[in-house]
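next comes the sequence, and after it the predicted model I'd like to discuss.
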Amino acid sequence: GENVEQHPSTLSVQEGDSAVIKCTYSDSASNYFPWYKQELGKRPQLIIDIRSNVGEKKDQRIAVTLNKTAKHFSLHITETQPEDSAVYFCAAQFGNEKLTFGTGTRLTIIP
Amino acid sequence: EAGVAQSPRYKIIEKRQSVAFWCNPISGHATLYWYQQILGQGPKLLIQFQNNGVVDDSQLPKDRFSAERLKGVDSTLKIQPAKLEDSAVYLCASSLVSSGGYEQYFGPGTRLTVT
C-alpha cells in the first residue's frame, strides 16, 4: 500500500518568512495530492491540492510543487502570518483507493 | 451548505465498555469515510462506504469495530469492547464521489477517551 513520509515534524518561522513542508510517497501510481490544515481541536480542512499532470499550483500565499520522478511534493507558504499556525498534513491517493496521510507538521509562526 | 455532522463530540468510557458514534454526511455525498486520528498522527482510514456498500475496510479491526450505513446516508461506528489504545479522535468525512480529486469534507470529530 501507499506510504507517505512528511518532514519536518515541527517548524517554527518568523512572521513574514516562508515555510516549506516536504512529503514523499511510495506508490508511483498515485495521482492526487491534497494538503490539509488542522487547527488545534478542529477538523482538517483542504487548503490546496495538485494532480499528477501538473507540476505546480498556486493560490495566493500558498503553493504546491510536485516532482513525479522523485515522488515528492512540497507545500510552500510565503509571507507567513500568525493564523498560519496549525498542523499541516499531506496526503496521496491513487484513483478511488484510500487517501493516505502523512504524519503532520506542526507549524508555529513567531510574531 | 451544511457540513458533516457528528455526535457525540466527546466520550469517556472504561475499557471493555461499548461505544457508538454517529455521522451525517453532506447531503448528496455518496462516499463516507471513518478515520481514526491518534494524538500526534495523521488520520488513518478505518472504513469507506460508497452509498451503502463497503469499498475499503482493510484497516478496520473487525474483531471489535463495526460500521454500517444502512440507507446510504447516516452512518454509525461501534467499538465493542473498547481498549485503551482506542483513545483517539474519530473523524467522519464525506465526498461527492470516491475518485481521486474530489475533496473530502471532515466533520468535527468525536474525541474518545478510554480509561
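In hand now; what should we look at?

would you map the strands across chain A?
Along chain A, the segments classed as strands by DSSP state E run A:4-7, A:10-14, A:19-25, A:32-38, A:45-51, A:56-59, A:62-67, A:72-77, A:86-92, A:100-101, A:105-110.

span of stretch A:95-111 from start to end?
Start and end residues of stretch A:95-111 are separated by 41 Å (C-alpha to C-alpha, to the nearest Å).

pLDDT of it, averaged?
Across stretch A:95-111, pLDDT averages out at 91.

determine if any part of that stretch is in contact with chain B.
Yes - residues of stretch A:95-111 contacting chain B under C-beta under 8 Å from any C-beta of the partner chain: A:Gly95, A:Asn96, A:Glu97, A:Lys98, A:Leu99, A:Thr100, A:Phe101, A:Gly102, A:Thr103, A:Gly104. No exception for glycine: its C-beta is placed from N, CA and C like everyone else's.

beta partners for the residue nearest the centre of chain B?
Centre of chain B computed as the mean C-alpha position; nearest residue by C-alpha atoms, centre = their mean is B:Trp34, 2.7 Å away. For B:Trp34, the beta-bridge partners under DSSP bridges are B:Ile47, B:Cys92.

now residue 107, nearest residue through space, not along the chain?
Chain wasn't specified; assuming chain A. A:Leu11 (5.1 Å; C-beta to C-beta, 6 or more residues apart in numbering or on different chains).

my question was about chain B
Nearest residue to B:Gly107 in three dimensions, chain neighbours excluded: B:Val4, at 3.6 Å (C-beta to C-beta, 6+ apart).

what's B:Glu85 sitting at in phi/psi?
Torsion angles at B:Glu85 (phi, psi; degrees, to the nearest 10) stand at phi -70, psi 0.
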